[in-house]
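Engineer: for reference, the sequence and a predicted model appear below.
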Amino acid sequence: MNSSQFDTMKNGKGFIAALDQSGGSTPKALAAYGVMEDAYTNDDEMFDQVHEMRTRIITSPAFDSRHILGTILFEQTMDREIQGKYTADYLADKGIVPFLKVDKGLADLENGVQLMKPINDLDETLRRANERNIFGTKMRSVIHEANPNGIKAVVEQQFDVAKQIMAADLVPIIEPEVDINSKDKEKCEEILHDELMQQLNALADNEFVMLKLTIPTKNNAYKSLIEHPRVLRVVALSGGYSRDEANEKLKQNEGLIGSFSRALAADLRANHSGEEFDEALKTAVESIYDASVNKH
């Protein structure tokens, strides 16, 4: 493990950019950017288009290590190059820590939650991640209802996979998202907090994880998770909130930093001039940084 990247993630000021839309969410991300489905005829062309979008973001002067601590990548992005370097190496050279999304999507709703689908090729993916100089990984489940058995199953599955990731000398970002539209959102968060704490307390002294959580309904509800000695960092997803709303909620939570995807790229357009693109990205980056660092 890269000790300077570990220190950046533990102590640095900034946020994590999420550029990890995968096959299912890519068309929506491209459409928001202004690239419609008639601009590509197959998956290869679609992924070419999204890599072009991500390259434009990552190479922008607004995408810098003064504001951005890390970036989460999709597997295809990890295997592609930016200006003659593999994406993770390009990011590392900018001082930004690279992460890789490793989950294969969500299973069907059961017991009020969606577990992760099986990750059958995880060992091979982790081997390649190490080859590509990836620091850590990310995997997502979703909680819709305050079902104790369902939430327990989500957290147990996440930590089972996390142990496999830690054994490969990578830092897992555990993401049990709570649906912002859940009628029981605050109760879901209470149950989730307790299940996470139980699993964290069982980790060995040399095991570290990160958590990616929905911004809680009750301010500072995750303070004890943020302060836990086995937690490197707790980051927040935007979860469907607008950037302004997500930023305002983030500011209310001490120690919680952003890890936004749609809210980061929402104002970027394919037909922007270079100056327009950089300015729109700069506005987004600086606002998320401010919400992550400067608290009410």
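Structural biologist: That came through, no problem. Numbers count the residues shown, from 1 in each chain.
Engineer: tally of neighbours for residue 286?
Structural biologist: Neighbourhood size, residue 286 [other C-beta atoms under 10 Å]: 13. Backbone N, C-alpha and C define where each C-beta goes, glycine included.
Engineer: please renumber so the chain begins at 5
Structural biologist: Fine by me, first position is 5 from now on; the one you just mentioned is residue 290.
Engineer: look up how far residue 18 lies from it.
Structural biologist: Per C-beta to C-beta, to the nearest Å, residue 290 is found 11 Å from residue 18.
Engineer: common neighbours of those two, please.
Structural biologist: residue 71 (C-beta atoms under 8 Å, 6 or more residues apart in numbering).
Engineer: first-to-last residue distance for stretch 249-265?
Structural biologist: With C-alpha to C-alpha, to the nearest Å applied, stretch 249-265 spans 14 Å between its terminal residues.
Engineer: list the contacts of that stretch.
Structural biologist: In contact with stretch 249-265 (C-beta under 8 Å, 6+ apart) are residues 18-25, 73, 76, 216, 219-220, 223-224, 226-227, 230-231, 237-243, 245, 247, 267, 291-300.
Engineer: mind checking which helix or strand residue 236 is in?
Structural biologist: strand 235-241 (DSSP states H and E).
Engineer: what is that strand packed up against?
Structural biologist: Helices and strands touching strand 235-241, by 3 or more C-beta pairs under 8 Å, 6 or more residues apart in numbering; DSSP states H and E, are helix 7-15, strand 19-23, strand 175-182, strand 213-218, helix 227-230, strand 261-262.
Engineer: show me how far whatever helix or strand comes next after that strand is from its chain's centre.
Structural biologist: Once the chain leaves strand 235-241, the next helix or strand it forms, by DSSP H and E, is helix 247-255. Centre-to-centre, helix 247-255 and its host chain are 16 Å apart (C-alpha atoms, centre = their mean, to the nearest Å).
Engineer: state the mean pLDDT of helix 247-255.
Structural biologist: Averaged over helix 247-255, pLDDT sits at 95.
Engineer: pull out the buried residues from it.
Structural biologist: Of the residues in helix 247-255, 247, 250-251, 253-255 count as buried by neighbour count, 16 or more other C-beta atoms under 10 Å.
Engineer: stretch 190-207 too?
Structural biologist: Result for stretch 190-207 [16+ other C-beta under 10 Å]: buried residues 191-197, 199-200, 203-204, 207.
Engineer: where's the nearest residue in space to residue 6 that is not next to it in sequence relative to residue 33, distance?
Structural biologist: Nearest in space to residue 6, with sequence neighbours left out and distances taken as C-beta to C-beta, 6 or more residues apart in numbering, is residue 139 at 6.1 Å. Separation of residue 139 from residue 33 (C-beta to C-beta) stands at 23 Å.
Engineer: again with residue 279
Structural biologist: 23 Å.
Engineer: which one of those two has more residues nearby?
Structural biologist: Applying other C-beta under 10 Å to residue 279 and residue 33 shows that residue 33 carries more neighbours, namely 19 against 8.
Engineer: in contact with the more buried one, which residues?
Structural biologist: 25, 54, 57, 266, 269.
Engineer: helix/strand/coil for the residue lying closest to the first one once chain neighbours are set aside?
Structural biologist: Sequence neighbours aside, residue 33 is the residue nearest to residue 25 in space, at 4.4 Å (criterion: C-beta to C-beta, 6+ apart). The assignment at residue 33 comes out as helix when based on DSSP: H, G, I helix; E, B strand; the rest coil.
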